[in-house]
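>>> any chance you could fold what I've pasted below:
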Amino acid sequence: MKRFFFLVLIFQNAFSQEIPLNVQKLIKAYPDQIVGYKDNKIIFRDKSNLIYDDFKNKTNQELLDNPDIEDQFKFVYNRADKNLIPKEDPGRIRNEAFFKKIYGNSKSEVESKMTEIIWCPKLVNQKIKVTTVNGIDKVVKKLSAELDHNPEFKKYITDIGGIFSWRKISGTNRLSMHSYGMTIDINVKNSNYWQWDCKCKDEEVALSYRNQIPLKLVSIFEKYGFIWGGNWKHYDTMHFEYRPELLL
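Sure thing, here's the model as predicted:
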């Protein structure tokens, strides 16, 4: 019997070594959609697949415009820290085909998987629509319930700027993460966005980091799998995006 369990342990270790660590994170983060990995391909429950790594060296702009799935992990996401001024954009690199596969390939397909919830019933009581994919609606309800016990954050979480909007990111041909119903913009009046501050869309412009969002508020969002746009060199401090794989 001991020999049997020893062999099982060896097999499990070998299996985990065959699958890249970041693919393991994706499988853990999206268990309803991703079922495996083979021959450099992410395998989905419907038996379709996507290339994981195209093995191409890319400029910063190419990483934004034409990333593979592996590129999404190029920069490590560090949880909010008052002493950290972002020098990179962890989570801002996104493979559009991957997220369309997870959440929906069109506006109508995404909308068909959405539901309405009440955002912060005590402090705000605002109706919002979020995706049900991977139980994100339930995650947002838990996030909302915790925020409801923190009245000091009311001005930040009242009149949130947006959840679902099938659209391109301003100044680009890239689909916004708001297109999938899993991204929350909190109150814009207390937020900073690099394009607003530089009055430009130039990715190479020199930026002076700005932020008004309390890091305690950020840490609550991170607790529930949301990364923060304020952790980017190209900061977007109102922006919270469900990317649990980057927090594992």
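>>> C-alpha from now on. contacts and neighbour counts both.
OK.
>>> quick one: contacts for the nearest residue to Cys198 once chain neighbours are set aside?
Nearest residue to Cys198, sequence neighbours excluded (C-alpha to C-alpha, 6 or more residues apart in numbering): Leu207, at 7.3 Å. With contact taken as C-alpha atoms under 8 Å, 6 or more residues apart in numbering, Leu207 is in contact with Trp194, Cys198, Lys233, His234.
>>> now, which of those residues sits nearest Glu88?
Checking these against Glu88 by C-alpha to C-alpha gives Lys233 as the nearest, at 5.1 Å.
>>> how would you label that closest one: helix, strand or coil?
coil (DSSP: H, G, I helix; E, B strand; the rest coil).
>>> can you get me a residue count around it?
Look at Lys233: counted by other C-alpha atoms under 10 Å, it has 21 neighbours.
>>> and for Pro67?
Look at Pro67: counted by other C-alpha under 10 Å, it has 21 neighbours.
>>> mind checking how far it is from Pro20?
Counting by C-alpha to C-alpha, to the nearest Å, the gap between Pro67 and Pro20 amounts to 17 Å.
>>> what do you get for Thr132?
To Pro20, Thr132 is 28 Å away according to C-alpha to C-alpha.
>>> likewise for Phe226?
Phe226 is 23 Å from Pro20, by C-alpha to C-alpha.
>>> host element of Thr115?
For Thr115, the element it lies in under DSSP states H and E is strand 114-119.
>>> how far is that strand from where the chain is centred?
19 Å (C-alpha atoms, centre = their mean, to the nearest Å).
>>> the helix or strand following that strand to strand 114-119, inter-axis angle?
Using DSSP H and E, the next helix or strand after strand 114-119 towards the C-terminus is strand 126-131. Calculated by axes from the mean of the first three to the mean of the last three C-alpha atoms, to 10 degrees, strand 126-131 forms an angle of 140 degrees with strand 114-119.
>>> circling back to that earlier point, could you check which of Phe226 and Pro20 has the larger neighbour count?
Phe226 (26 against 14).
>>> ok, now which ones touch the closest residue to that one other than its chain neighbours?
In space, and not counting its chain neighbours, Phe226 is closest to Tyr242: 4.2 Å by C-alpha to C-alpha, 6+ apart. Tyr242 makes contact with Met182, Thr183, Gly225, Phe226, Ile227, according to C-alpha under 8 Å, 6+ apart.
>>> what does Tyr242 show for phi and psi?
Dihedral angles of Tyr242 (phi, psi; degrees, to the nearest 10) stand at phi -70, psi 100.
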